[in-house]
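model this:
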Amino acid sequence: MKHQIEKAEVLIEALPYIQQFRGTSIIIKYGGSAMVDEKLKQHIVLDTILMRYVGINVIVVHGGGHKITEYMHKMDKKAVFLDGMRVTDAETMNITEMILTGLVNKDIVARIHKHGGNAVGLSGKDGRLIEAKKLIHDTHDYGYVGEITKINAEILRTLDNSGFVPVISPIGIGTDGVTYNINADIAASEIAIATGAEKLIFLTDVPGICTTPNEPKSLINTINHDTINTLIADGSISGGMLPKVKAGLRALEHGIKKVHIIDGRISHSILLELFTESGIGTEIV
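Below is the predicted model:
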């Protein structure tokens, strides 16, 4: 009986958060180990379906860099990164679109359907969801890496209102029809802004933002803009964390209430962050 009571108490703890977030939109940037480990894949899918069933409009923006790199190795092609961004020549762009849209995206959609949810897989090219232009940098040429110029969010609102979970591959399209590789963190942030989301959640392979990188004991539970700039300056925030943090700050500056960076290696990490008092990871305010 004690075990059953504890289960009931967990549900009661979640109730005010369910009431708070019902009818709102939450953007999940799905990446890291949670896209590799089979058990974690299932937990992410189940978390997503539960959120949808309690009335939360969930939009999933996924990465898939590990799978792209894996296929590039098979083709004897070296992956090159600058400041956490993949340098994308024409061949890499073809591989990226093939893997993200044709393989990873459809796998996520199929898993949601398998467990009783409803999902629609989209590339950013569908309905011109993600319009982009070539990213211009002062010193680097990233190739076919795109900078988002517009999010056409109406298609997402239509799917949300019809009870579907949009699952988005971060591929953009230019006005000239050129295909661009979009950083998934940036895509998630811009989609959050365009849809007026309540929250933006980044799933990562680290506990959150730490004063000492990858040291759980130095995890910062809540952080603001000034502290982030200090950690960037001293090198504590670098590499793949940089796009996440910068994308998160931009989302906050454009009206998103809270941004969360959480450890996707923890089972049911999304539910723990949303529906418990203590939460996990780092909250950017």
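
ends of stretch 25-35, how far apart?
Using C-alpha to C-alpha, to the nearest Å, the span of stretch 25-35 from its first residue to its last is 22 Å.

can you tell me the average pLDDT over that stretch?
In this model, stretch 25-35 has a mean pLDDT of 91.

what do you get for stretch 116-127?
Mean pLDDT, computed over stretch 116-127, is 96.

alpha carbons only: can I get that stretch in PDB?
The C-alpha trace of stretch 116-127 is given here as PDB (Å, rounded to 0.1, in the frame of the first residue of the first chain):
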ATOM      1  CA  GLY A 116       0.100   5.500 -29.200                       C
ATOM      2  CA  GLY A 117       0.900   9.100 -30.000                       C
ATOM      3  CA  ASN A 118       0.300  11.100 -33.200                       C
ATOM      4  CA  ALA A 119       3.200  12.800 -34.900                       C
ATOM      5  CA  VAL A 120       4.000  14.400 -38.300                       C
ATOM      6  CA  GLY A 121       7.600  14.600 -39.500                       C
ATOM      7  CA  LEU A 122       8.700  17.700 -41.200                       C
ATOM      8  CA  SER A 123      11.800  19.100 -42.900                       C
ATOM      9  CA  GLY A 124      12.300  22.800 -42.600                       C
ATOM     10  CA  LYS A 125      11.800  22.800 -46.400                       C
ATOM     11  CA  ASP A 126       8.200  21.600 -46.000                       C
ATOM     12  CA  GLY A 127       5.800  24.500 -46.300                       C
END
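
residue numbering should commence at 155 henceforth.
Sounds good: first residue 155 from here, last item stretch 270-281.

which residues sit against it?
199, 202-203, 206, 214, 251, 254-255, 259-260, 262-263, 266-267, 283-284, 286, 306, 308-309, 313, 317-327, 333, 336, 341 (C-beta atoms under 8 Å, 6 or more residues apart in numbering). C-beta: built from backbone N, CA, C; applies to glycine.

rerun at 6 Å
203, 255, 259-260, 263, 266, 283-284, 309, 313, 317-323, 325-327 (C-beta atoms under 6 Å, 6 or more residues apart in numbering).

quick one: which of those sit in strands?
Members of these lying in strands (criterion: DSSP state E): I284, V319, P320, V321, I322, S323, I325, G326, I327.

between those residues, which sits nearest C364?
Checking the ones in strands among the contacts of stretch 270-281 against C364 by C-beta to C-beta gives I322 as the nearest, at 28.7 Å.

state the three-state secondary structure for the one residue sitting closest to the centre of the chain.
For the chain, the residue nearest the mean C-alpha position is K183 (0.8 Å; C-alpha atoms, centre = their mean). Assigned with DSSP: H, G, I helix; E, B strand; the rest coil, K183 falls in the strand class.
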